[in-house]
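Colleague: Sequence plus the predicted model coming up.
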Amino acid sequence: MPSDFPPRSVIKRHLLELVLDKGSVTISQAYEAVANSLELTPEHMALWRSGNLQYQHEIRFARDDLQREGILKSFHEAGRGIWELVDGLRSRPTSMPAEEGEAILEGAVHRVTISRYERNPEARQACLNHHGYRCLVCGFDFAKAFGPLGQGVIHVHHLVALSEISETYVVDPIHDLTPLCPNCHQMAHRRDPAFTPEELRAMREGAMISAETVANAMGE
C-alpha cells in the first residue's frame, strides 16, 4: 500500500460529507465521489485486498461504521445498493449570527465531521473578520498573490478535536477556527487528530532550516 494512502478516519469523513450533502447515494456513486474528493491516484485505485479493490474495501468499512453509529440506514431500510442518511439528519446545524467574542450554538443529533463546522457561513465569517484572510501557518494571502480573483479565498480550519465535539457544541469562531490555505489545511488533516497550526509552523521552519543547511553545505 502506498505510504500516503488515506487513513480510514479520513475516508469516513469524506463519505459522511457526501451523504450529508446528497441524502442518499448508490454504492457506485459513493465509490466515484469519495475517490475523487480524496484525489486518489491510479496507483491507489489499482490496489487489491481480499479479492476487492482496496479503496472500495475501505469505503465500505467507513459505511459500516456510519451505520453502526446510527447515521446511515441499514440495507433493509434504505434498499439494496443504497446508502442513505437516517431520517432528519440531512439538515445543517442550527446557528445564529456572531459578533466578535459571541459563541455560535450548533446542535446535532450525532457527532459530525470537523468540516461541517468549518463550512458554517456565520462561524466562518466571524473567524475571518477577526483573523483576516491570510494563512496563519505559511502566511499565504490569495488576494495579494492573485488580486481581485483571490479576494475572500481561504479555508477555515476547526481546531477542536473531533472526539471533543458533543451533541450540542458551542463554536467560538475566534478561538476554535483559524484561516489556513488549502495546502496547509490538507497537511493539518494528514493526522487524526489534526496537526495544530503551531505544529505545522514548526515543521515548516524545520524544513526551511534543513534546506538552508544543505544549501550552505553545498556552497549555494
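Modeller: Done, it's in. Remember, it's a predicted structure, so these values are computed and weren't measured experimentally. Numbering: from 1, shown residues only.

Colleague: When you work out contacts or count neighbours from here on, use the C-alpha atoms and nothing else.
Modeller: OK.

Colleague: What average pLDDT does stretch 67-85 get?
Modeller: Per-region confidence: stretch 67-85 scores 87 on mean pLDDT.

Colleague: now swap in stretch 126-141 and tell me
Modeller: For stretch 126-141, the mean per-residue pLDDT is 93.

Colleague: can you give me the end-to-end distance of that stretch?
Modeller: Start to finish, the residues bounding stretch 126-141 are 18 Å apart (C-alpha to C-alpha, to the nearest Å).

Colleague: Give me the buried positions along it.
Modeller: The neighbour-count check on stretch 126-141 (16 or more other C-alpha atoms under 10 Å) flags 126-128, 131-138, 140-141 as buried.

Colleague: Helix or strand with the lowest mean pLDDT in this protein?
Modeller: Comparing helices and strands within the chain by mean pLDDT, DSSP states H and E singles out strand 104-107 as the least confident, with a mean of 44.

Colleague: Give the residue spans of this protein that score low on pLDDT.
Modeller: Applying pLDDT under 70 to the chain flags residues 1-4, 88-120, 161-169, 208-220.

Colleague: What are the boundaries of the strands in it?
Modeller: Assignment of strands within the chain using DSSP state E yields the ranges 24-26, 48-49, 52-53, 82-84, 104-107, 155-158, 168-171, 177-180.

Colleague: Of these, which is nearest S37?
Modeller: strand 24-26 (14.9 Å; C-alpha to C-alpha).

Colleague: Off-centre distance for stretch 174-183?
Modeller: Once both centres are worked out by C-alpha atoms, centre = their mean, to the nearest Å, stretch 174-183 turns out to sit 12 Å from its chain's centre.
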